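using only what follows, build the 3D model:
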Amino acid sequence: QVQLVESGGGLVQAGGSLRLSCAASGRTVTSYTMGWFRQAPGKEREFVARIRWSGRTTYSYYADSVKGRFTISRDNAKNMVYLQMNSLKPEDTAVYYCAAQYNPSSSYDWWGQGTQVTVSS
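Predicted coordinates:
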């Protein structure tokens, strides 16, 4: 089992920044793909970003809506994943979830409880 706990959400004005953190415990997630997802009120959960470490190279992927504004990173020594969010927009308002994927060809296996991000205009 992997436990994931997100933190760092809050209220910020449009154009501002927030940094979300995801602390993993129970297992070392170095070889896992770690992702961030979000769900806005009345909408389905959507992919935001994911990161995978191959042992030599880190691969990151982003949704088009956040590309150039958000940066995903990981600290394998601390079993942590981060999402730096800059130039925030009101449409970024959502609950943000961290997730861990053991098998790249399957769905995400473990999810955190989420952290609320609210961007005011």
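
make it CA atoms for all contacts and neighbour counts henceforth
OK.

what's near enough to touch residue 49?
Residue 49 is in contact with 35, 36, 37, 60, 61, 62, 63, 72, counting by C-alpha atoms under 8 Å, 6 or more residues apart in numbering.

do a quick rundown of the helices in the protein.
Assigned by DSSP state H, the chain shows no helices.

quick one: the strands in it, in order.
3-7, 10-13, 18-25, 33-39, 46-53, 58-62, 70-75, 80-85, 94-101, 110-111, 115-120 (DSSP state E).

with mean pLDDT as new columns, can these be given to me in a markdown table?
Listed next are the strands of the chain as a markdown table, based on pLDDT from 0 to 100:
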| stretch | mean pLDDT |
| --- | --- |
| strand 3-7 | 97 |
| strand 10-13 | 98 |
| strand 18-25 | 97 |
| strand 33-39 | 97 |
| strand 46-53 | 96 |
| strand 58-62 | 95 |
| strand 70-75 | 96 |
| strand 80-85 | 98 |
| strand 94-101 | 97 |
| strand 110-111 | 96 |
| strand 115-120 | 98 |
